[in-house]
Each structure stands twice: as C-alpha cells, then as structure tokens.
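**Q** Predicted model follows, preceded by the sequence.
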Amino acid sequence: MSAVDERDGRAHRADSPTLYERSRPGRRACALPASDVPATPLPAELARETLRLPELAQLDVVRHYTALAHRNFGVDSGFYPLGSCTMKYNPRLGEEVARLAGFAEAHPLADAEHVQPLLGVMLDLQRWLAELAGLSAVSLQPAAGAHGELTALLMMRAYHADRGEGARNRVLIPDSAHGTNPASTTMAGMIAVEIPSDPRGNVDLGALRAACDERVAGLMITNPNTLGLFEEQIEAVVETVHRHGGLVYGDGANMNALAGVVRPGDLGIDLMHFNLHKTFATPHGGGGPGSGPVAARSDLADYLPGPVVARSGEVGAGVLALVEPRRSIGRMCAFHGNFGMLLRAWAYLRVLGGDGLRRMAEHAVLNANYLLARLRGRFPVPYDRSCMHELVCEGRIEGSDVRALDICKRLLDHGIHPPTNYFPLIVHEALMIEPTETESRETLDAFLAALGAICDEAVRSPERLREAPHTTPVGRLDEVRAARHPVLVDAAVGGGGGTGAR
Amino acid sequence: MTAIKPAPAARAQPVPMACAQDERKQSALVGFVLNPIAGMGGRVGLKGTDGVVEEARARGARPVSPERAARCLAALAQALAASPAKPTPRWLVAGGAMGADALRAHRLGPFEVVHQPPPEPTREDTLQTVRRFVERSVALVLFCGGDGTARDVCSITGTAVPIIGIPAGVKMYSGVFGVSPTRTAALVAEYLAGSIGLADAEVLDLDEDAYRAGRWEARLFHAARTPFEPSLTQRAKVMSDARSDAEVTAAIAADVRETVQAAPDTLLLLGAGTTVRAVAEGLGVEHTLLGVDAVLAGRVVGRDLDADRLAALLERHPRCLLVLSPIGAQGFVLGRGNAQLAPEIVARIGRGGLVVVATPAKLARTRCLRIDTGDPALDAALVGDGFLEVRVGYHRRRMVRVE
C-alpha cells in the first residue's frame, strides 16, 4: 500500500495505445508452419475484399497486454475489503493442485472407472461440505452462488409439488438479504416477498408471521446477514416458517463467519449453498469461474441436481460412480460442475482441516470487529452490535457533505480497493467492509490510517474527494450517464470518445 | 491470420439515446417562481398559510421560503458547474421577491422577468407567472412553496409541462417535491443533463380550514409530471435499477393482470392515483384518476362510482378485488381522498380482497401505511398484525408496516 503520490498522476499511464493504433502494415507476430495439405480456395461467398485487423509484432502484443494487466487490481495487488465478496488470498497451492496433469488433463467424458481418483476428490468434497452444513447430501453441480440459489429453489418447488402442495409459490426474503435472492426467486417462477428488518438488524418477526400462510414455499435467509450481523432469533424464524409448511434455505455467501463454528443444519436450515469462491479461497472477481454447491437434509437429497458421486453397489465395493438422485431436478451444469474450482477448494479444506477452518472463521470475525471498534468513532454505525465477518457503517463524515462514493473513490488513490457501497439498501450511504482473515494487523492499520486521512481531507478540502480518484488511469466516471447514455466508439473506425470519463 | 469479419455491432455509431432531447434540455428554458409567503404559517402553528398570512405575520412569522430557495439555487449553481453535460439553462422568472432577486444572487445565468408582481403578491401572481411559462414552452418549472403552491402551479401546467418543487411549505404531501432543497437542486441538474427522466406524481392538498380545525382531509387535486430518481438516496441503486418509473409501474401492472386473469369472474375495483392508473392501462381500461372504477371480465362496468353504486355492484358480484395505492407521502391507503370507499363497502371486500400497489420509490418516501376508514373496528381488522403486503414489481411483494 503506498501513500498518495499526487505527482504520480494518471498522465503517463492513461495513454495505452490500442492494438489498432500500434498496428503497422506488414508486421507479423508469428510465422505459420508450411501447409502439408493441398491449398483449397474459400468458396466465393465466404471470401471478402478487405478486413481490418491490427498487424503487430509479438513484442507489441506482449507490451500491450502487460500494460493492461498493470492496470488491474486484485487481492494479489492490495487490500480488497469488498463487503460480502470475501476477497481473501487465494493460496498458490490450489493452483498447483489444479495444474497436476492427472487432474488437468482428464477428459470430462472419460468413463468413471478411468477417473476414480477424481471422483474420489469430488466425493471427499461432498462429504466435507455436508459436514460443514450439518446436512446429509451435497451436489457440486451449480456453477455460482446465485446458480446455487436457483438450484435450491427448484428443489423446493419439486418437493412441494410431490407433496401435492404445488400452489406454494411465495418465497420470503429479508430486506437484509443479497439482491440475487429475489432475482433467483423470479427466475424459479415464484413470487418474492420482502420482509423488513427490526431495529436490531434481525428479521422482523411480526412481519414474518404476517407473511406466513399456506402459500409459503420457503424462506431464503443469509446468516450472518448483509449487515454482518448474526440473526439473533434464527430459531424462532426457522420455527415460524416450518410451522407453516415452508422450507428454510440458507444463503451460504457469508459462511466465512461460520465455517467450522456453526452448522446451519443444526439451526434448522433445510438446504443451503456454499460459495467455494468465497469461503474456500478459489479465485473470483475476474480470476475464475465460481462454484456454488448445494447441500440438503436427507428427505430433500433425492431432489439434488445430478450427477453426484456415490459408492456404487453394482460394480463392486469401493468403486465410485456418478449417479442421478432419484427425484433429481436434473442437470444444472454440464459435466461435473466447475471441476477446477472443486479441486482448489478441496485442497484448501484438506490443508486447513477442521481446526484450521474454525480458526479461519474466528480470525475473519476478529479482523472485522477490530475495524468496527476503530471505525465506530469516525463513522455512524446504524446497527451497532458485535459484527461477524463484515461490518456496515454510514459513509458520512461530520463537518463535511462528502458521500460514501467520494470516500470510496479516494481510497483508490491510497492503493486500496473500495468497500462495497450503497449496499445493503437499508443503510443510508452504506459502506460494507469485509477484511477477511488473510489480512495482517499492519494492513488493517494502514486501511484505518487511509480512512483517517480521508476524513481529515473531507473537512479541509472536500473537492479533493469529490474529484477523486486522481492517480488511476481513468478518473471519475459519471456512472449513471455512462450506463444510460453509453458512447460506444470503435477504434478501428476512428474517433475518440469514452464512456463519460472526464 | 484468419479472416473474421468484425460483427456489425463493433462498428456501431454512438448510441443516440434521447440525445436530441438532451441537447434541447441543456440550454433549456426553465421557469422559476417562488411563493414568498409559503411556510410562514407552520412556525406559528397555523398548519398552512392560505388566507391567514396576516395572522401569521401578527404572530411573528418570518418568511422561510426565500431561505429554502437560496439553499437550492446555491446547490444548483454548483451542480450545474460540476455536471459533465454542462447544462446552461436560460431562465424565466417572476420579478423581485418572487424569483428574480434569488436568481440574480446566485448567478444562475441569463433570466427574463415575465411577470412583475406587486409588493404584496398573491396566488394570482403565481398563476399569472406560470401561465407565461407555459406560453413560452418552458422545459421545466421549478417552484418554491408547499402543497398550495404545487396545486396552483399544476393547475396551469397539468401534465404538459414537468414541475418540481423546492420544499418550503407547511404541508408537502404531493409527490413533486425533492426531499430537501439540495436534493431538489441535484434532481434539476440531473434532469437538465439528461441523466434522469420523468414520472407521474400526485398533487395533493389538505383543506386548510378543516385542517386548522383538527380534521385532516387530504384531497388529490392533479396529476403532474416530475423529474424522477428511482431511489432518493442511493446513486448505486440508480445504476443497478436503471429503470424508469414507467417500467416499474408496468411491471406492477403485469403482476396485477396475472392475478385478474386467474380469477376472471371477480369484480375489480380500481382506486385513485397514478399507480392504479398504470394498472388500469395494463388491463387496457380507462381510469378515473380521482375516483373509483369497476371492471369485470376486462370491461369497465362503472366509472367514478359513489358509495351507493359500489354497494349495488358488490351485491351482484360478491367476489371482489380492490386495487389501491398509498396516496402521496403520508401513506394513506384508505380514508383519505377515497371517501366513496365507505366502511361497509371495505368491510364487505375484506382484507383478503385488498391489492395494494406502490413503486419502491414511493415507499421510500412513506414511513408506514395508514388506514382510517372511519370505523375503528374495521381499521383494526384491516391493520391485522400490523403489516400489509404491497406489490412493488412483477412477482415482487413487500411487507410494509401499517397503522
């Protein structure tokens, strides 16, 4: 993390010429091997007169992409406290395991008998996740968190239909849930009913009771919720929904606070998803695809998407097979889910073990509470009690009218990725900060120092914040205008333009 | 090198999203009128200033609206300068204390006085000024006042000319006010920059004589068009929810249409207000903005019904759904502005027959919903356990506190 260097402005970094601008007639990046088959002309209707592609030397291409890569910001470059995203360090071990030839070169259509060790990894991961969930069965199919949500909702629907209760189509969602929950509900063909929070940031039990009737398919609950708070009345919440015949689904996005400490199944959760790319350190946020396995209690296990790995009685004891659960909702993903991510998560779990996972969660909660304790005096904290793995405060500074967005943009000048802002929606000017367990005390202190400097600056010279960032390749975008009135210009055709950058 | 033709989209021209309109807005004519006595009654307990300005002065009231307008205009000058689109509006104003003085003080650019009020201006001066604005085809009317002023302005502009109010009155139940003078400035700047669009809003006013006597009789007077921000506080939400008010109300209409189609022999009563009007449009039927209409099997079977005719209809069609939307910002679903929905009629429809609709933006301005049918026992039954389900989008409902 570097201090703000105003001289190190954006000028010399902003101009990275496009490949078309670097293009020079006749330049080539590689020589194609001589053809060893007879040349056949293209059919006339496929041929064309002109085609503008850039002509470049290999070095031009390498420098271009290296320059672009240097503009990137990831967990590997600096602190990334993006709330509810669990941007923790992704250990290199996971990459090594995923690149082992036996894993990387296996063909997804290979017969089960030829890939038994791979199925063994999947089975081991299924068991680990089932144990952490406190539930009996797991499918590794879903390819992302929201995909896991959709999977669980389709299972809910199938479960109710089988019991002759297909009319249950309402899904209760607290207003402190992730925004994907109502979207998944609509996608699953059901109706999302938003339940408000009470003044302590818990589900408002009165509103929950008012919404519960014979039409309820289930509740989607994120615990800890997006305020970073543990649901204090979780047992009453679960009991209320169960009493009305609904199922309770746990959104596992915030499992980094619970893994190895609390098993959602023990709280009465019937089915849930995990985000391997959050809790179990597989790369995400542009670094790789996600993975959202779903766990279910025993009487829901039959509805899991297949195939799942199981010991097969037919072929012989100890032989693993891919099987379809009896009443499966069907496939959610091609082949075996995002297998590369399963490998990385499995390696992470095996290295940490049960005790290590518990320490992971404890340190995640400790780091967040350390930040909360130090930030309490600086920023208003709307739901002020011990937080779990993340904290939410209001991005308002006494004596200044700067907004949460200005604070976030100025953090970029300090080499820090901004926290999630303006979410959850129930907090005014929300800043949602999730440090994760992999950050050191020094990093957290540097973050606090940066926020302290920004607070002082907000009073002294607020325009520095309103115009931030100053050191990034591109300055402040007018985001609303960029989204609504995009100016799209093709460099090949010429002309400047941008997307609303000043 | 493989010969792949770039997709046509890659050669796309700059996307012309309402660009022509934006250019017009950037140097748009904007009308500004300030009601210098608005808000004076509030500080001295008069619940309004209409007709009692002398008494307000006698009680020591001092003008509040010039100060509120000044805050808005100062913020507007900043916001216009900071806007990437650099809008440079030209102004039409009323003279002196009714606008020109404030505009001059804040150097908001060239302006032209279209009406010179006397030293003691009255309502008539507001009306005169806004008439001049409309004749000159202004793109927007910015006014400073309360519900009374909104009503006067809207009586001239209707829905033809967008209006927005700097909140400065004693009562501000209408949906045309920004939440504060500075937020009003931001809305004006964003509208002139072409970043936000327009939405329908309701202009309400209380009967001030009744109000001062302790009775609360809000009436819906007009529908207006006003610059609309999907969320009042959260820019990020504007990003993710980059939708117009019309899209949200269309989604609500689609949701209600689905319910109606599932019960074709059910009588549908449509209450007052702009959100319900959108539902009516979704059903393809005409709607009385300020009244209650009845629809059966897709056809209007009663227009602007009174209590007796409603009772007669319910006699013939006992299965009924009543579509209502909270009026203005005070959150009344029943009991304000819909007296024809008498207690016995609502009782017959029952809690299960209520279909409450509202946009999330309107709910953001509404602390809780209220029901006051005039029959306490019925109110208690309708309030139930303290929450009403409100339809806020297609297949989106929200449990909202009701008192």
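**A** Arrived safely, thanks for sending.

**Q** Now do residue B:269 against chain A, distance only.
**A** 22 Å (Cβ to the nearest Cβ, to the nearest Å). C-beta here means a position set from N, CA and C on the backbone, and glycine is covered the same way.

**Q** any idea which element that residue lies in?
**A** strand B:267-270 (DSSP states H and E).

**Q** Contacts only, for residue B:160.
**A** The neighbours of residue B:160, taking Cβ atoms under 8 Å, 6 or more residues apart in numbering or on different chains as the test, are residue B:134.

**Q** and it, what are its phi and psi?
**A** Phi and psi for residue B:160, reported as degrees, to the nearest 10, are phi -80, psi -30.

**Q** do the same with residue A:311
**A** Dihedral angles for residue A:311 - degrees, to the nearest 10 - are phi -70, psi 130.

**Q** For it, name its beta-bridge partners.
**A** residue A:320 (DSSP bridges).

**Q** ok, it touching residue A:323?
**A** No. In this structure residue A:311 lies outside contact range of residue A:323 using Cβ atoms under 8 Å: 9.5 Å.

**Q** thinking again about what came up before, go ahead and name everything in contact with the strand holding residue B:269.
**A** B:260, B:276, B:279-280, B:283, B:285, B:287, B:292-296, B:301, B:305, B:310, B:313-314, B:317, B:319-323, B:349.

**Q** What remains of these if I keep only buried residues?
**A** Using 16 or more other Cβ atoms under 10 Å in any protein chain shown as the burial test, these include B:260, B:276, B:279-280, B:283, B:285, B:287, B:292-296, B:301, B:305, B:310, B:313-314, B:317, B:320-323, B:349 as buried.

**Q** ok now the helix or strand residue A:221 falls within, how far from the chain's centre?
**A** Assessed by DSSP H and E, residue A:221 sits inside strand A:216-222. The chain centroid and the centroid of strand A:216-222 are separated by 21 Å under Cα atoms, centre = their mean, to the nearest Å.

**Q** Buried residues in the very next helix or strand once past that strand, which are they?
**A** On the C-terminal side of strand A:216-222, the closest following helix or strand by DSSP H and E is helix A:234-243. Within helix A:234-243, the residues scored as buried using 16+ other Cβ under 10 Å are A:234, A:237-238, A:240-242.

**Q** next one: stretch B:132-140
**A** Neighbour-count burial for stretch B:132-140 [16+ other Cβ under 10 Å]: B:132-133, B:138-140.

**Q** Residues in contact with it: which ones?
**A** Outside stretch B:132-140, the residues that reach it (Cβ under 8 Å, 6+ apart) are B:24-25, B:28-31, B:33, B:89, B:92, B:114-115, B:141, B:156-157, B:160-164, B:188, B:191-192, B:227.

**Q** For it, the averaged confidence score.
**A** Throughout stretch B:132-140, pLDDT has a mean value of 95.

**Q** same question, stretch B:203-210
**A** 69.

**Q** who does the helix or strand containing residue A:95 touch, helix- and strand-wise?
**A** Secondary structure from DSSP H and E places residue A:95 in helix A:92-99. Using 3 or more Cβ pairs under 8 Å, 6 or more residues apart in numbering or on different chains; DSSP states H and E, the elements in contact with helix A:92-99 are helix A:339-375.

**Q** Please point out which parts of the helix or strand just after the helix it packs on sit buried.
**A** Counting by DSSP H and E, the next helix or strand C-terminal to helix A:339-375 is strand A:391-394. If you call a residue buried by 16+ other Cβ under 10 Å, then strand A:391-394 has these buried ones: A:391-393.

**Q** Where does the prediction get shaky in chain A?
**A** Residues of chain A meeting the criterion pLDDT under 70: A:1-15, A:287, A:313-318, A:489-502.

**Q** quick check: domain ranges of it?
**A** A:92-351, A:355-483 (automatic domain parsing).

**Q** hmm, back to that, overlap between the buried residues of helix A:234-243 and the residues near chain B?
**A** Checking the buried residues of helix A:234-243 against chain B by Cβ under 8 Å from any Cβ of the partner chain, not one of them is in range.

**Q** ok, which pair from those residues is furthest apart?
**A** Based on Cβ to Cβ, the longest span within the buried residues of helix A:234-243 runs between A:234 and A:242 and measures 12.3 Å.

**Q** Overlap of the contact sets of the two?
**A** Shared contacts of residue A:234 and residue A:242, counting by Cβ under 8 Å, 6+ apart, come down to residue A:268.

**Q** before we move on, the earlier item: make TSV out of the domains of chain A and add distance to residue B:340.
**A** Converted to TSV, the domains of chain A look like this (distance: least, Cβ to Cβ, whole Å):
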stretch	distance to residue B:340
domain A:92-351	28
domain A:355-483	37
